[in-house]
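>>> the following comprises the amino acid sequence and a computationally predicted model.
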Amino acid sequence: MTDREAVLSVRGLSVRFLMPGGRRIAAVTDAHFDVAAGECLALIGESGCGKSVLASALLGLLPANARTAGEARLGDLDLLAAGERTLARTVRGRLVGLIPQSPAAHLTPVRTVCSHLRETVAALTGTRGRAALRAAAEAAAARAAFPADHLDRHPHRLSGGLAQRAATALALVGDAPLLLADEPTTGLDRDLVDPTVDELRRHVDTGRRSLLVITHDLAAARRIADRVAVMYAGRIVELTDARTFFGTPGPRHPYSRGLLEALPDRAFAPLPGMPPELGSLPRGCAFAPRCDRATDACTALPRLADGVACHHPHLPEGLRA
Amino acid sequence: MLELRDITAGYDPAAPVVRHATLSLAPGESVGLLGPSGCGKSTLARVAALLHRPDTGTVTLDGSPVRGWRHRAPRAQRTAVGVVFQQPRLSADPRLRLTELITEPLRATHRRDEIPRRLAELAPAVGLTPDLLDRRPHEVSDGQLQRACLARALVLRPRWLVCDEMTAMLDASTTAALVAAVEDYRAATGAGLLAVGHDHVLLQRWCERTLHWNDVTRTRDPAPL
């Protein structure tokens, strides 16, 4: 934990989707975390574990059938209680910059990248005038290493990596204190991941901004994050320092260990089975059916204590055994 | 053998994406093709999968030259290659249940009688449970849909597999599971594999041989950019 003041402070955030027939889907349950200025928190987990829903909740972008509980404070503002007007006028782009998942799908297909950037620059910074806007758009593109000769292209003519950089450029325009990056490196070349991640990191290292990265790319998380939160079936099961997580002694939750062991430069062994359906979670620990350490105790829900929510965590000193 | 010789291909004859690419796979061999995004490796993968007609160059599949592409390829050649694409959402018909998605190639080739048996073999092999098989694409995650897309590629027992960035959208555990499913299939059938991607850590772990895009196109490339 850092001593710096938290930019974003999430307490007991839960998201439920109400489905036809009275079914409820527990997408996020009781999430607690802080992100301080100049800090990067990486939220990692398998696809479908609720990571992106959590991000959408912070921006008020959930669909109408979603119900939220808890609070997410950004300064004096509770993002979960804020109205659409507040969110649209002061939060999105200005207080929270979003780098969306699959940027190619988020860019308007009938407009060029430059047109996107010009509009965003005009809306967020008040720049006026054709030449000034073009110059500001070029500067914004350069900040995200988007090549200037591609500015006049439409999104379908961009490769995945360039679309990602265009989206990053858009998110950086408003100079928001909190950046939310949803899978910023998915679909990027390995060689491009490091520069992209370093670029994001650079915006954090100014000390004013904080960054919440949602990713399943563990290599990118390792490079960028100060702290790591592991999500499984809608719950944060481990919240720890990135260096201990990726180095020694390593993660303590059996799920986190399994995720790391699935990497091609480690054991390359998949976790058995698949994540549970969020609509019908098992009682107690949701990971127990896939866990080799599960016992009868796992029918009770483990609390997040000392950074890990598990009845049988790997002990920091007993890892060699 | 799957041989691509001196392939030039693209979407505009004046500005081909792939210039003079040469690549050959021995039967049962797994080759990883690495390249930066936008370099044309997906286009070359589409050529190898008989889905894109090259402007010039020849493709030879198990000794016989390929003359028709896409629906014009003879069935024997078309069904010898299984393809898995990068984005499962874009390569799955949203109206089909996963069962129908997986078995569509069998229906298209008038082999309906094999459906129950192949489904019973493939669903556990790619890790799909019966309740998932009854759903449509919007009711499953990307990883689950990609498992179904892999099953669809394997359903006709192809001798060649082309995996174009199959795991780029997926988390580490699903990646490892899908790669294991491909390798199990190859171990059982001796199929060859062309895996295209940008993750050299993954491809070097997965494939027997990895080639860089420059190695494939360097020969006779007249205009290095």
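Happy to help now that I have it.
>>> name the residues of the stretch 151-300 of chain A found near chain B, please.
On the criterion C-beta under 8 Å from any C-beta of the partner chain, chain B has as its neighbours in the stretch 151-300 of chain A the residues A:159-162, A:186-192, A:216, A:218-219, A:258-260, A:262-265, A:268-271, A:273-274. C-beta coordinates here come from the backbone N, C-alpha and C atoms, glycine included.
>>> do that again at 6 Å, thanks
Among all residues of the stretch 151-300 of chain A, those adjacent to chain B (criterion: C-beta under 6 Å from any C-beta of the partner chain) are A:159-161, A:186-187, A:189-190, A:216, A:218, A:259, A:262-265, A:268, A:270-271.
>>> for ChimeraX, write a command that selects the buried ones of these.
One line in ChimeraX is enough to select the buried ones among those; burial here means 16 or more other C-beta atoms under 10 Å in any protein chain shown:
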select /A:159,160,161,186,187,189,190,216,218,259,262,263,264,268,270,271
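>>> so of the residues of the stretch 151-300 of chain A next to chain B, which ones are in helices?
Members of those lying in helices (criterion: DSSP state H): A:160-161, A:190, A:218, A:259.
>>> what is the nearest of those to residue A:39?
Within those, distances to residue A:39 taken as C-beta to C-beta reach their minimum at residue A:218, with 18.8 Å.
>>> turn the ones in helices among the residues of the stretch 151-300 of chain A next to chain B into TSV, columns for pLDDT.
As requested, those are arranged in TSV below (pLDDT from 0 to 100):
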residue	pLDDT
A:160	72
A:161	75
A:190	73
A:218	89
A:259	91
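>>> which two in the residues you listed are spaced the farthest apart?
A:161 and A:259 (24.7 Å).
>>> and the residue in the stretch 1-150 of chain A positioned nearest to chain B, how many neighbours?
Nearest residue of the stretch 1-150 of chain A to chain B: residue A:48, at 3.8 Å (C-beta to the nearest C-beta). Number of residues near residue A:48 (other C-beta atoms under 10 Å in any protein chain shown) recorded here: 23.
>>> give me the buried positions along the helix or strand of chain A with the lowest mean pLDDT.
Using mean pLDDT, DSSP states H and E, the weakest-scoring helix or strand in chain A turns out to be helix A:103-106, at a mean of 77. Buried residues in helix A:103-106, defined by neighbour count with 16+ other C-beta under 10 Å: A:103-104, A:106.
>>> what's the span of stretch A:305-313, first residue to last?
11 Å (C-alpha to C-alpha, to the nearest Å).
>>> thinking again about what came up before, ok, of the ones in helices among the residues of the stretch 151-300 of chain A next to chain B, which one's closest to residue B:181?
Closest approach to residue B:181 among these (C-beta to C-beta): residue A:259, at 18.6 Å.
>>> thinking again about what came up before, helix/strand/coil for the residue of the stretch 1-150 of chain A closest to chain B?
Secondary structure state of residue A:48, per DSSP: H, G, I helix; E, B strand; the rest coil, is coil.
>>> which one of the buried residues of helix A:103-106 is nearest to residue B:212?
For the buried residues of helix A:103-106, with residue B:212 as the reference and C-beta to C-beta as the criterion, the closest is residue A:104, at 25.4 Å.
>>> near chain A, which residues of chain B show up?
B:36-38, B:141-143, B:168-169, B:171-173, B:176-177, B:198-202, B:205.
>>> so which of the residues you listed sit within helices?
For those, membership in helices holds for B:142-143, B:172-173, B:176-177, B:200-202, B:205, with DSSP H as the criterion.
>>> mind putting the ones in helices among the residues of the stretch 151-300 of chain A next to chain B into CSV with distance to residue A:207?
CSV is the format used below for those (distance: C-beta to C-beta, whole Å):
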residue, distance to residue A:207
A:160, 31
A:161, 28
A:190, 29
A:218, 26
A:259, 31
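>>> which one of the residues you listed is nearest to residue B:112?
Within the set of these, residue A:160 lies nearest residue B:112; the separation is 37.5 Å, counting by C-beta to C-beta.
>>> about what we covered before: make a markdown table out of the buried residues of helix A:103-106 and add distance to chain B.
Shown next, in a markdown table, are the buried residues of helix A:103-106 (distance: C-beta to the nearest C-beta, whole Å):
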| residue | distance to chain B |
| --- | --- |
| A:103 | 13 |
| A:104 | 10 |
| A:106 | 14 |
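>>> specify the beta-bridge partners of the most centrally placed residue in chain A.
Nearest residue to the geometric centre of chain A (C-alpha atoms, centre = their mean): residue A:214, 2.1 Å. According to DSSP bridges, residue A:43, residue A:182 are recorded as the beta-bridge partners of residue A:214.
>>> pretty sure it sits against residue A:50.
No: look at residue A:214 against residue A:50 with C-beta atoms under 6 Å: they stay out of range, at 10.0 Å.
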